[in-house]
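K.L.:
Predicted structure and sequence below. I'll ask about it afterward.
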Amino acid sequence: MAFDRMDSATYLASLLAKNFSRALQERSQKLGFAPGQFPILLELWAEEGLTQKQLLDRMDIEQATMANTLSRMERDGLISRRKHPGDKRAQQVFLTDKAKAMEADAKDAALAADQSLLSGFRRFERELLLEYMRMAIANGTRT
């Protein structure tokens with residue numbers, strides 16, 4: 001049996017991720033953030049003052065990637081880091097006024113990216129796709 005990449009969930013998921021990232025990139029550039037920063041922004045909009053370790057635990061990315069992304073976000077004026085009052089080795093991450101002000105527009109940009117890629121889907125198809133994606137992600141965390 002020949003391997004057909006268009007029947008490979010792994011291959012298709014990779015393409016889909018690239019497409020979503022590209023769709024968000026087009027919208028996020030105007031606002032002043034990169035698609036790779038969006039998950040961190042979402043975490044900090046939900047709860048400020050997290051440490052880098054807490055962000056790592058919540059997002060399941062590599063330490064070096066997190067450190068580089070936070071450095072870029074600090075350079076771009078999206079976050080500031082302060083020493084943790086209870087742990088001298090740790091720093092807490094806080095949003096700047098610039099990042100706080102862009103929350104609604106950034107979330108709207110992400111929704112617009114979703115809608116552009118899922119146009120033509122009926123509501124139940126979209127809901128099923130999201131449920132299947134959540135199931136696949138959960139399966140991946142168990143392996």
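P.N.:
Nice, I can see it. Numbers count the residues shown, from 1 in each chain.
K.L.:
Show me what the helix ranked longest in the chain is packed against.
P.N.:
Longest helix in the chain by number of residues (criterion: DSSP state H): helix 9-31. On a contact count with 3 or more CB pairs under 8 Å, 6 or more residues apart in numbering; DSSP states H and E, helix 9-31 meets helix 103-117. Every residue, glycine included, has its C-beta placed from N, CA and C.
K.L.:
Just the buried residues of the helix or strand following the longest helix of the chain, please?
P.N.:
Sequence order places helix 38-46 as the next helix or strand after helix 9-31, per DSSP states H and E. Of the residues in helix 38-46, those buried under the neighbour-count criterion (16 or more other CB atoms under 10 Å) are 38, 40-41, 43-45.
K.L.:
same question for helix 38-46, mean pLDDT?
P.N.:
Mean per-residue pLDDT for helix 38-46: 96.
K.L.:
Repeat that for stretch 15-24.
P.N.:
92.
K.L.:
For it, buried residues please.
P.N.:
Applying 16+ other CB under 10 Å to stretch 15-24 flags 20-21, 23-24 as buried.
K.L.:
Under the pLDDT cut-off, which ranges of this structure? List them.
P.N.:
Residues of the chain meeting the criterion pLDDT under 70: 143.
K.L.:
okay, which residue is most central for this structure?
P.N.:
Pro39 (2.7 Å; CA atoms, centre = their mean).
K.L.:
Nearest spatial neighbour of that one, chain-adjacent residues omitted?
P.N.:
With sequence-adjacent residues excluded and distances taken as CB to CB, 6 or more residues apart in numbering, Pro39 is closest to Met59, at 5.7 Å.
K.L.:
do Ala9 as well
P.N.:
Ala136 (7.2 Å).
K.L.:
And the one you found, how far from Ser21?
P.N.:
18 Å (CB to CB, to the nearest Å).
K.L.:
for Pro39, same thing?
P.N.:
Taking CB to CB, one finds Pro39 at 11 Å from Ser21.
K.L.:
Quick check: phi and psi at Asp4.
P.N.:
The phi/psi pair for Asp4 (degrees, to the nearest 10) reads phi -110, psi 110.
K.L.:
what do you get for the one 4 residues further on?
P.N.:
Backbone torsions for Ser8, taken as degrees, to the nearest 10, come to phi -100, psi 120.
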